[in-house]
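Asker: coords please:
(2 chains)
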Amino acid sequence: MTPPTAAPAISLESVSHVYQPAAVRALDEVSLQIAPGQRLALIGQNGSGKSTLVRHLNGLLRPTSGRVLVDGHETVRHTVADLAHRVGLVFQDPDRQIFAGSVEAEVAFGPRNVGMRGAQLGSAVTRALEATGLADARRTNPYDLGASRRKLLALASVLAMETLVLVLDEPTTGQDVAGIDAVRHVIQSASRDGRTVIAISHDMEFVATEFERVVVMGGGRVLADGPPADVFAAPQWALLASTYLEPPLAARAGERLGLGSTPTDAALVAALRAAQ
Amino acid sequence: MLSLEGVTYRYAGTSRPSLRDISLTFGDGEVVGIAGRSEAGKTTLCLVLSGLAPRTVGGSLSGRLLVDGSDAAPLAIHELAGRIGIAFASPATQLSGVAATVYEEVAFGPMNLGLPRDEIIQRTDEALTALRIEPLAARDPARLSGGQQQLVAIAGLLAQRPAHLVLDEPTAQLDPQGTRLVGEALTRLANGGASIILVEQKTDLLAAVCSRVVVLDAGAVARDGAAGDVLGDERLSSLGIAAPASVRLRKALAQAGAGAAQLAVLDEPLR
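Answerer: The predicted structure is shown next:
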């Protein structure tokens, strides 16, 4: 991967993290530079260090050694509240973050906390509700929403803070077709606005379609880093299997048909047409 | 065998039923997938099938739940729990919270069944091996990743060898191989005679392990048939369900002019 030319939105410099008391080394000398506006997916087996890594980006965890810089600011010098202005983190379990009495109040809490008021606050809330398809549920109690819409609500409440960096932990799990489309839309529009999007996902098709860069983690280390066409290409399959991953079906079919690396349905169909 | 006869269920304080006149029978040795858009009634069906609704969830139910042919209504919740296992999407709601190690957590269920020591050890080892989590045996369940906790919760269920098992998105947090291992473990359990009901948005998993798929829409049964027929149906997306990758790609490649030999690569196993 060529180094990004713009100053990185996120920079990890040899970051290690050791959980006590069992001395579990969840991150082992991880270095990554992530450019503004980049869409990056973190993949790897359960327990490979993905969630530990993203919890360093908003200061919920501090490195045992190494440095984490967000927009040039070293996280250890800032409070979590301070970093919340720059990095929005959506957990995989929405019930860990939902607490307000209405959808609207839930979504307004974050942006108000980072200083938005009046019309600015109102339009940030409306944009986030529209992006996640929840505009018709403003007055609903969050716990009257089903699990998948509560998950979209958690996404909306972080989206509304309009942070420089948006971090999503397993955004598509439990979502139906409409929910996944909403998540896609959010990622694409955030990236167009120049915001960095980092997502943890086990959905390889979603990763191949929506992200320009894929980082493969295993045992707390970065095992591979590149565009989907490189990371899901045949020479990487053994490495993917070592961290319990499998390439998307389109990638496997493309290699078997001798069409090269085709990580998405669209790439496979295009390669097939070109070969005919 | 688990059966629902004309079941309509309403949560307390709601006017609209979440399940409407559902009659379904899940046979022994059958793995049945349940699909449907968000809020179609999938989780509610799991709660009703396991007897948790209305017993602990409240609400009102008409119609009957039959367990192995007899009405479940007179059975107490602990009696039902011994016959029907249930797994939820979030492992946090599932783990006992009293076990200091993964090994004890998985052994917790068989211990509660009052099984002999050797049997408990054998079942625990077998469940840990099936999901390849032996390396976690000595770890504290509270200090695992979300996906690892989910595997531990499922291992705990497998070790109880329930006659019936209801799973609500059990692989939500799992990596692709973890998902596959759970699928294989469910198939083995069904081969031993268990009836298994699997709610999933991952239609690839349903295609791999289910003989039959039921689609719910707005609380009612919209489709019920052989997995290949239901998941291959053109109208699946109108029910809010993504087609399995193999179905989707077969169609896209055929439209692009692929021949039968080329389409056959979609059926080849991973390695």
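
Asker: Contact residues of the stretch 101-250 of chain A facing chain B?
Answerer: Residues of the stretch 101-250 of chain A lying close to chain B (Cβ under 8 Å from any Cβ of the partner chain) are A:146-149, A:170, A:173-180, A:202, A:204-205, A:237, A:241, A:243-246, A:248-250. (Each C-beta comes from the backbone N, C-alpha and C, glycine too.)

Asker: Extract the residue ranges of the chain that are flagged as low pLDDT.
Answerer: Looking at chain A here, since you left the chain open. A:1-6 (pLDDT under 70).

Asker: that's the wrong chain, I meant chain B
Answerer: B:270-271.

Asker: So which residues of it form helices?
Answerer: In chain B, the segments counted as helices under DSSP state H are B:42-49, B:52-55, B:77-83, B:102-112, B:117-130, B:146-160, B:176-191, B:203-209, B:227-231, B:245-255, B:260-263.

Asker: Tabulate those helices (TSV), appending mean neighbour count and distance to chain A.
Answerer: Shown next, in TSV, are the helices of chain B (neighbours: other Cβ atoms under 10 Å in any protein chain shown; distance: least, Cβ to the nearest Cβ, whole Å):
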stretch	mean neighbour count	distance to chain A
helix B:42-49	25	7
helix B:52-55	19	15
helix B:77-83	14	23
helix B:102-112	22	12
helix B:117-130	17	15
helix B:146-160	25	3
helix B:176-191	20	4
helix B:203-209	22	8
helix B:227-231	19	14
helix B:245-255	18	4
helix B:260-263	12	6
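
Asker: Quick one, which of the ones you listed gets closest to A:Gly219.
Answerer: helix B:146-160 (13.6 Å; Cβ to Cβ).

Asker: Report the inter-axis angle for that closest one versus helix B:176-191.
Answerer: With axes from the mean of the first three to the mean of the last three Cα atoms, to 10 degrees as the basis, helix B:146-160 and helix B:176-191 are set at 10 degrees to each other.

Asker: any idea how far helix B:146-160 is from the chain center?
Answerer: 13 Å (Cα atoms, centre = their mean, to the nearest Å).

Asker: So which elements touch it?
Answerer: The contact analysis (3 or more Cβ pairs under 8 Å, 6 or more residues apart in numbering or on different chains; DSSP states H and E) places helix B:146-160 against strand B:84-87, helix B:102-112, helix B:117-130, helix B:176-191.

Asker: Which one of the residues in chain A is closest to chain B?
Answerer: Closest to chain B within chain A is A:Asn46: 2.8 Å, counting by Cβ to the nearest Cβ.

Asker: Report the spatially nearest residue to that residue, omitting neighbours in sequence.
Answerer: Counting by Cβ to Cβ, 6 or more residues apart in numbering or on different chains, B:Gly147 is the residue found nearest to A:Asn46 once chain neighbours are left out, at 2.8 Å.

Asker: between the helices of chain B, which one is nearest to A:Leu27?
Answerer: Of all these, helix B:146-160 comes closest under Cβ to Cβ, at 16.1 Å.

Asker: quick check: angle from the closest one to helix B:117-130?
Answerer: Computed by the same axes, to 10 degrees, the angle separating helix B:146-160 from helix B:117-130 equals 140 degrees.

Asker: I'd like the helices of chain B laid out as JSON lines, including distance to A:Ser31.
Answerer: Below are the helices of chain B laid out as JSON lines (distance: least, Cβ to Cβ, whole Å):
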{"stretch": "helix B:42-49", "distance to A:Ser31": "42"}
{"stretch": "helix B:52-55", "distance to A:Ser31": "48"}
{"stretch": "helix B:77-83", "distance to A:Ser31": "49"}
{"stretch": "helix B:102-112", "distance to A:Ser31": "32"}
{"stretch": "helix B:117-130", "distance to A:Ser31": "35"}
{"stretch": "helix B:146-160", "distance to A:Ser31": "25"}
{"stretch": "helix B:176-191", "distance to A:Ser31": "26"}
{"stretch": "helix B:203-209", "distance to A:Ser31": "34"}
{"stretch": "helix B:227-231", "distance to A:Ser31": "43"}
{"stretch": "helix B:245-255", "distance to A:Ser31": "34"}
{"stretch": "helix B:260-263", "distance to A:Ser31": "42"}
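
Asker: Mind checking these for the one nearest to A:Arg192?
Answerer: helix B:245-255 (26.6 Å).

Asker: Distance of the nearest residue in space to B:Val32 that is not next to it in sequence relative to chain A?
Answerer: Nearest non-adjacent residue to B:Val32, counting by Cβ to Cβ, 6+ apart: B:Arg212, 4.9 Å away. Using Cβ to the nearest Cβ, to the nearest Å, B:Arg212 is found at 20 Å from chain A.

Asker: who's in contact with B:Arg212?
Answerer: Each residue near B:Arg212 by Cβ atoms under 8 Å, 6 or more residues apart in numbering or on different chains is listed here: B:30-33, B:224-227, B:230.

Asker: So which of the residues you listed are in strands?
Answerer: B:31-33, B:224-226 (DSSP state E).

Asker: Name only those of those that count as buried.
Answerer: B:31-33 (16 or more other Cβ atoms under 10 Å in any protein chain shown).

Asker: what's the closest of those to A:Val158?
Answerer: For those, the nearest to A:Val158 is B:Gly33 (32.3 Å; Cβ to Cβ).

Asker: so what's the closest one up against?
Answerer: B:Gly33 makes contact with B:198-200, B:206, B:209-210, B:212-214, B:227, according to Cβ under 8 Å, 6+ apart.

Asker: one more time with 6 Å
Answerer: Listed by Cβ atoms under 6 Å, 6 or more residues apart in numbering or on different chains, the contact partners of B:Gly33 are B:198, B:206, B:210, B:213.

Asker: ok, now B:Gln173?
Answerer: B:146-147, B:150.

Asker: still on that earlier bit, can you put the contacts of B:Arg212 in TSV and add distance to B:Ala185?
Answerer: Conversion of the contacts of B:Arg212 to TSV gives the following (distance: Cβ to Cβ, whole Å):
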residue	distance to B:Ala185
B:Glu30	16
B:Val31	11
B:Val32	16
B:Gly33	16
B:Asp224	25
B:Gly225	25
B:Ala226	23
B:Ala227	18
B:Val230	23
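
Asker: hang on, B:Pro176 packs against A:Pro248?
Answerer: No - using Cβ atoms under 6 Å, B:Pro176 is not in contact with A:Pro248, being 9.7 Å away.

Asker: In the stretch 151-276 of chain A, what residue spans correspond to strands?
Answerer: A:165-169, A:196-200, A:213-218, A:221-226 (DSSP state E, counting those that start in this stretch).

Asker: Mean neighbour count for these - can I get that in a markdown table?
Answerer: Below are the strands of the stretch 151-276 of chain A laid out as a markdown table (neighbours: other Cβ atoms under 10 Å in any protein chain shown):
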| stretch | mean neighbour count |
| --- | --- |
| strand A:165-169 | 25 |
| strand A:196-200 | 25 |
| strand A:213-218 | 23 |
| strand A:221-226 | 18 |
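
Asker: biggest helix in chain A, by residue count?
Answerer: Identified as the longest helix of chain A according to DSSP H is helix A:177-192.

Asker: can you give me how far that helix is from the chain middle?
Answerer: On Cα atoms, centre = their mean, the centre of helix A:177-192 falls 12 Å from that of its chain.
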